[in-house]
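Show me the folded form of this:
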Amino acid sequence: MKSPYTDTAQALRDTLRLTVERSAASSLATLHQQAIGETVLLGEAACVQATRIRRQLEQLPPLQQALLTVSYAPREVVCCRRRRRCAGHYPNPEWAHALALVVAHTAPLFIAHSPNLRLRQALVANLLTHTHETAVELAARCGVHRITVANHTAILSHAMIGTRTKGGALNHASERIDTLLRDASIVVSADDAQAA
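Sure, this is the predicted structure:
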């Protein structure tokens, strides 16, 4: 965690990662992949900063919170138990809950289509996490035709990501959290960060 952030996305990534890894024995310095500097917070200070960011995130409507959580939270949590049959990681319950909320919210967009929850979950996760998977691979994985994947992708992309002229739901959520974090002086401009 950093004291002043210059990027909203990095603040959200660090906060959501700290939330799921707070019981693990990992250092927060590895989140930044650099040497510990004056602006990197550790221990209680990092938890306080994460709580401040969480408080701003919780002011958003549930759908916007879910969109940002799917976009920035890790999909899996590293397990530090090291038991014999442990895979070393398990699904992040917060991320899975947020994905389910977004998928449920997108259901009315597909009234004219046959319901395929597995396809919608995969598409929403791919769109919000910027995962690149071809339509052919996705069609084979979900048991549908590639044209169905293309049609569903177009509908979801328009609703969540938006177009060149009109922002989607993720854009609105990102703008709103950016405003809240800047008003709370958690995220500052690069010039203000250098001055501090």
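
CA only for contacts and neighbour counts going forward, please
Will do.

count of neighbours near Asn171?
Using other Cα atoms under 10 Å, Asn171 has 16 other residues around it.

what's the nearest residue to it if we skip its chain neighbours?
With Cα to Cα, 6 or more residues apart in numbering as the criterion, Asn171 has its nearest non-adjacent residue at 6.6 Å, and that residue is Ile161.

and the one you found, how many neighbours?
Counted with other Cα under 10 Å, residues neighbouring Ile161 total 17.

Can you tell me how far it is from His130?
Distance of Ile161 to His130, given as Cα to Cα, to the nearest Å: 11 Å.

With Cys142 instead?
Distance from Cys142 to His130, counting by Cα to Cα: 19 Å.

more crowded one of the two?
For Cys142 and His130, the more surrounded residue by other Cα under 10 Å is Cys142, and the numbers stand at 17 against 10.

Can you tell me, leaving aside adjacent residues, what's nearest to that one?
Nearest residue to Cys142 in three dimensions, chain neighbours excluded: Leu119, at 5.7 Å (Cα to Cα, 6+ apart).

these two touch, right, that neighbour and Ala140?
No - judged on Cα atoms under 8 Å, Leu119 makes no contact with Ala140 at a distance of 10.4 Å.

Have a look at the two and say which one is more surrounded.
Using other Cα under 10 Å as the criterion, Leu119 and Ala140 rank with Leu119 on top: 21 against 11.

mind listing what the more buried one touches?
Listed by Cα atoms under 8 Å, 6 or more residues apart in numbering, the contact partners of Leu119 are 138, 142, 149.

need the next SSE after the helix or strand hosting it, C-terminal direction.
In this structure, Leu119 sits in helix 117-129 according to DSSP states H and E. Using DSSP H and E, the helix or strand that follows helix 117-129 in sequence is helix 135-142.
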